[in-house]
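Undergrad: my questions are about this predicted structure, shown below with the sequence.
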Amino acid sequence: MLTRSQYRCSFKLIDKNVPIDGIIDRCKENFEKLIKEGKICNASFYRYENMGFLYLEETSDTSVDADQVMSDLKPYLKPWPEENGDRYFVRMINVYYHHIPESDLEEWEKERTTSVKQRIGRVAFVYPDKLPSYVRYHSAIVSEGLLKGDKYAYISMHENLLFSYYEEPRSNVNIRGIDKESVAIQDWMAADPESHFDRVKAKGSNFLVIPCLFSVDRVDM
């Protein structure tokens, strides 16, 4: 079993000279321990300005508590109010991917063991009035399952913000595993994709590549 999830956190506006490198190292070590225990496969953490993004691949029935594993970072984070109390890492809603992980972890990680992979995180800002359109078309693409893209690609949403994880070089596949033209992507292209993105906030890009604070995978151990 393998499930994927993404989380968002919010850094306090602190002096950039405050040393958090040691804290980030400890958080990474916590995830390395979970990998050795067979509970996760991959943990990658990215930051853009006062926003943090965590990508996880979990290999057990019990979900990882990001707040607990990243607890050393809490003094530098703002809480997110939720129904059952405040959290520091809020789960994002998945809206897009190209592959459903198989139960065989060796097969899932095959491309990672046969080439050197760069694990990339990106953010995009969607205009609030365009968010329903973005979600509708991308849900249709996933449901159709014909569009090829990176096997490890995963895009989630929180408010009008998207976080994208993928790997280079890309291992292009699609959900259904057949070579057939995608009608859903044609519909998306006809909907004027460029009109959905606030490129001012993303510094001129639709999706802006952001710095990685740490990334660790089973293949690294």
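TA: Arrived safely. Numbers count the residues shown, from 1 in each chain.

Undergrad: buried residues of the worst-scoring helix or strand of the chain on mean pLDDT, list them for me.
TA: Sorting the helices and strands of the chain by mean pLDDT, DSSP states H and E puts strand 80-82 at the bottom, at a mean of 87. Applying a neighbour-count criterion of 16 or more other Cβ atoms under 10 Å, one finds Trp80 buried in strand 80-82. Every C-beta, even on glycine, is put in place using the N, C-alpha and C of the backbone.

Undergrad: what lines up beside that strand in the sheet?
TA: If you go by DSSP bridges, strand 80-82 pairs up with strand 85-87 (antiparallel).

Undergrad: could you point out where the chain is predicted with low confidence?
TA: Where the chain drops to pLDDT under 70, the residues are 13-19.

Undergrad: rerun at 90
TA: Applying pLDDT under 90 to the chain flags the ranges 1, 12-22, 60-63, 81-85, 101-104, 115, 221.

Undergrad: would you mind identifying the next helix or strand past the top helix by length along it?
TA: The single longest helix within the chain, with elements called by DSSP state H, is helix 21-36. Using DSSP states H and E, the next helix or strand after helix 21-36 towards the C-terminus is strand 40-48.

Undergrad: what angle separates that next one from helix 21-36?
TA: 160 degrees (axes from the mean of the first three to the mean of the last three Cα atoms, to 10 degrees).

Undergrad: what pairs with strand 40-48, parallel or antiparallel?
TA: Paired strands of strand 40-48, defined by DSSP bridges, are strand 51-58 (antiparallel), strand 212-217 (antiparallel).

Undergrad: tell me the buried residues in stretch 47-67?
TA: 47-48, 51-59, 64, 66-67.

Undergrad: and the helices in this protein?
TA: Taking DSSP H, the helices of the chain run over residues 21-36, 66-69, 105-108, 110-114, 131-144, 183-190.

Undergrad: format those helices as TSV; extra columns: distance to His98.
TA: As requested, these are exported to TSV (distance: least, Cβ to Cβ, whole Å):
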stretch	distance to His98
helix 21-36	24
helix 66-69	24
helix 105-108	13
helix 110-114	13
helix 131-144	8
helix 183-190	12
